[in-house]
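**Q** sequence? don't have it. structure:
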């Protein structure tokens, strides 16, 4: 009988010790935060968090939500967040050039076959003969803000078709609802839209798609970044983050990366990954599936394209002339980046 009691006591003691062990492990995790927008382009982070891959890498990561692309970089510069991810903008490059940010991995990219950003015109503009990118000269095109990723997209697509963007009146309206109102009201001839917003506007008032940006001019849309001080003083923290992030990016690509005629060919884990994103974005799976961008499975950047972006903004006076991507793109955390200038 005494042996039974001892066995029970041992068992109860072992059971009681389990939470202590788990708590000790939780205490051993390095803590960090990431500033991001709840968009599908942030998918690798949502996936890696849900699957526990950041914790497996030794990191207790928390999310800080923002609603505009200008905000995550400011959060990192101010020290309010350890990491950030968002679309590249002229403002981002100015902060980075001043020593506030270091790009460490890729976020999303515009790529052929991935319908992500649409250039579309109103029915009235279409009826007036605006049928192609070349016809945008002399027209009013809505976008969010000057220097934004939308602005850059118009620049590169117009350039491809030989259109001088000085002949296009860019109308910055600061928000997608404002753009939708202008499009519906006919105060602009067209706009550049995220795919999900374009589908909603198209269903409500019509309009005509001229081009998908990724099909016309692929480019490195966004990146993952941190502060130079974080790299200098807490490099193991950055390495842990990248370990979890890359696992999330690989799972994202496995599920969503294959396309045929612009449509997703579901890969292994498709339903699970889509459910994770739908929960994180608070959207239906169908809506999420309609706007999934390309994300490199290893977090590799098109470095040469970042140089091109900086040069374009410099030519327009929106980024300082002395801004040099070689000073704010750190290639040491992810291997195999593309188009690295010599």
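**A** Here it is on my side, so go on. Remember, it's a predicted structure, so these values are computed and weren't measured experimentally.
**Q** Contacts for stretch 268-279 next, please.
**A** The contact list for stretch 268-279 (Cβ atoms under 8 Å, 6 or more residues apart in numbering) reads 40, 43, 46-47, 50, 251-252, 254-256, 264, 284-285, 288-289. Heads up, the C-betas are built off the backbone N, CA and C, glycines and all.
**Q** make that stretch 51-66, sorry
**A** 26, 28-38, 45, 47-49, 72, 75, 80-81, 237, 240-241, 243-245, 247-248, 251.
**Q** what's the pLDDT at residue 13?
**A** Per-residue confidence (pLDDT) for residue 13: 51.
**Q** Sorry, slip of the keys, the one I care about is residue 108.
**A** pLDDT, read off for residue 108, is 96.
**Q** Next: residue 9.
**A** Residue 9 is given a pLDDT of 47.
**Q** try the one 10 residues further on
**A** The model reports residue 19 with a pLDDT of 46.
**Q** Kindly report the same for residue 342.
**A** On the pLDDT scale, residue 342 is placed at 86.
**Q** quick one, what contacts it?
**A** Contact partners of residue 342, counting by Cβ under 8 Å, 6+ apart, are absent.
**Q** can you pull the contacts of the closest residue in space to residue 207 that isn't next to it in sequence?
**A** For residue 207, ignoring the flanking residues on the chain, the nearest one in space by Cβ to Cβ, 6 or more residues apart in numbering is residue 120 at 5.0 Å. Counting by Cβ under 8 Å, 6+ apart, residue 120 makes contact with 190, 191, 192, 193, 198, 201, 202, 207, 208, 209, 210.
**Q** List the ones among those residues that fall in helices.
**A** By the criterion of DSSP state H, membership of the contacts of residue 120 in helices covers 198, 201, 202.
**Q** show me the contacts for the first one.
**A** Applying Cβ under 8 Å, 6+ apart, one finds that residue 198 lies in contact with 118, 120, 207, 209.
**Q** hmm, try it at 10 Å
**A** Counting by Cβ atoms under 10 Å, 6 or more residues apart in numbering, residue 198 touches 115, 117-120, 176, 180, 183, 191-192, 207, 209, 212, 290-291.
**Q** Then the second one?
**A** By Cβ under 10 Å, 6+ apart, the residues touching residue 201 are 118, 120, 122, 176, 179, 180, 183, 184, 191, 193, 207.
**Q** 7 Å - rerun?
**A** 180, 183, 193, 207 (Cβ atoms under 7 Å, 6 or more residues apart in numbering).
**Q** about what we covered before: mark which of the contacts of residue 198 are buried, thanks.
**A** Of the members of those, the ones counted as buried by neighbours, 16 or more other Cβ atoms under 10 Å, are 115, 117-120, 176, 180, 183, 191-192, 207, 212, 290-291.
**Q** Out of the residues you listed, which comes closest to residue 103?
**A** Residue 103 lies nearest to residue 117 out of these, by Cβ to Cβ, at 20.7 Å.
**Q** Tell me the bridge partners for the closest one.
**A** Beta-bridge pairing for residue 117 (DSSP bridges): residue 194.
**Q** Look up how far residue 245 lies from it.
**A** Taking Cβ to Cβ, to the nearest Å as the measure, residue 117 falls 23 Å from residue 245.
**Q** Now do the SS call for the most centrally placed residue in the chain.
**A** Among the residues of the chain, residue 41 comes closest to the average C-alpha position under Cα atoms, centre = their mean, at 3.8 Å. Using DSSP: H, G, I helix; E, B strand; the rest coil, the structure places residue 41 in helix.
**Q** same thing with residue 159?
**A** At residue 159, secondary structure determined by three-state DSSP is helix.
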